[in-house]
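In: predicted model and sequence follow; I will ask about them next.
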Amino acid sequence: MPIYEYACDRCGHEFETLQKMSEEPLKDCPSCHEPTLRRLMSAAGFHLKGNGWYATDFKGGAKKKEKEDSAPACGAGACPACSD
């Protein structure tokens, strides 16, 4: 679900809320209870939850290099790669 930012034109209260994209925008300010809220334009925000996510979205460090003299995948010696 997207995180939306709202600001009240009357009291200046600003807050963020999780809402479905299909939901109507909020209208009533939770601080002054007046129908003067407007949705702010901001960068998209999202939360990465669960195992396997990194803070930068990428695992640090170098990639593993494949061995140059690795054995053929079949290992049985029957394929063309083994007969070299």
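Out: Yes, it's here. Numbering: from 1, shown residues only.

In: shaky segments in this structure?
Out: Counting by pLDDT under 70, the chain has low-confidence residues at 44-47, 53-78, 80-84.

In: could you pull out the strands in it for me?
Out: Taking DSSP state E to define them, one finds strands in the chain at 3-8, 14-18, 37-40.

In: strand partners of the shortest one, parallel vs antiparallel please.
Out: Put plainly, it is strand 37-40. Sheet pairing of strand 37-40 (DSSP bridges) gives strand 3-8 (antiparallel).

In: same deal with the second one?
Out: Strand 14-18 pairs in its sheet with strand 3-8 (antiparallel), by DSSP bridges.

In: list the buried residues of the partner strand.
Out: Neighbour-count burial for strand 3-8 flags 4, 6, 8 (criterion: 16 or more other CB atoms under 10 Å). Any C-beta I mention is one placed from the backbone N, CA and C, and that applies to glycine too.

In: neighbouring contacts of that strand?
Out: Residues outside strand 3-8 that contact it (CB atoms under 8 Å, 6 or more residues apart in numbering) are 13-19, 25-26, 29, 31-32, 34, 36-40, 42, 45-47.

In: any chance of the strands of the chain in CSV, with distance to residue 52 too?
Out: Compiled in CSV, those are given as follows (distance: least, CB to CB, whole Å):
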stretch, distance to residue 52
strand 3-8, 21
strand 14-18, 22
strand 37-40, 32
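
In: and residue 79, which of those is closest to it?
Out: Closest to residue 79 of these is strand 3-8 (CB to CB; 53.0 Å).
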